[in-house]
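Chemist: Quick one, structure for this:
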Amino acid sequence: MTDQKNYVGRCFCGAVEITVSGEPVAMGYCHCTSCRQWSAGPVNAFTLWPPHSLRVTKGGEHIDGYQRTDTSVRKFCELCGGHLYTEHPLWGVTDVYAAVIPEFEYVPALHVNYQETVLRMKDGLPKYKDMPAEMGGSGELLTE
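Modeler: Numbers count the residues shown, from 1 in each chain. Sure, this is the predicted structure:
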């Protein structure tokens with residue numbers, strides 16, 4: 001028996017339901033153009049989980065995907081278009097959008113791709129120019 005906490009998320013119409021278990025490996029904000037265009041917002045709040053932590057518990061037949069780059073396969077509900085998660089196979093993580101799992105306590109720790117930002121955020125968190133070095137980025141930090 002496990003004491004891991006489970007968090008339930010749904011697409012916009014509720015036809016697709018997912019569950020993530022345990023704790024994410026990272027939480028933060030992405031400012032890249034791709035995430036901004038996909039989310040239709042100035043910044044994307046991410047929670048990165050090991051892929052095995054995510055389970056589709058309802059409506060899996062309604063999940064479709066779109067792959068624009070080698071690093072991301074974005075998953076959404078084909079009925080309502082509601083965003084669900086993004087698989088990042090090169091990094092070995094799955095991004096479940098923070099807004100999709102409302103019961104989860106989102107505590108961001110960093111900003112990535114801050115060189116592309118359109119919304120300056122003065123929150124004291126590290127602002128990576130692109131990505132941390134361990135994820136293949138430069139590891140370069142920018143000032144607030």
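
Chemist: for the worst-scoring helix or strand of the chain on mean pLDDT, packing partners?
Modeler: Every helix and strand in the chain was compared by mean pLDDT, DSSP states H and E; the lowest is helix 33-39, with a mean of 92. If contacts are counted by 3 or more C-beta pairs under 8 Å, 6 or more residues apart in numbering; DSSP states H and E, helix 33-39 sits against strand 44-49. Where you see a C-beta, it was placed from the backbone N, CA and C, and this is true even at glycine.

Chemist: quick one on the thing from earlier: give me the contact list for the least confident helix or strand of the chain.
Modeler: Applying C-beta atoms under 8 Å, 6 or more residues apart in numbering, the contact partners of helix 33-39 are 42-44, 46, 68-69, 72, 74, 83, 97, 113, 116, 118.

Chemist: Narrow these to those in strands?
Modeler: 44, 46, 68-69, 72, 74, 83 (DSSP state E).

Chemist: Looking at the contacts of helix 33-39, which is nearest Cys32?
Modeler: Asn113 (3.8 Å; C-beta to C-beta).

Chemist: contacting residues around that closest one?
Modeler: Counting by C-beta under 8 Å, 6+ apart, Asn113 makes contact with 30-32, 35, 128-131.
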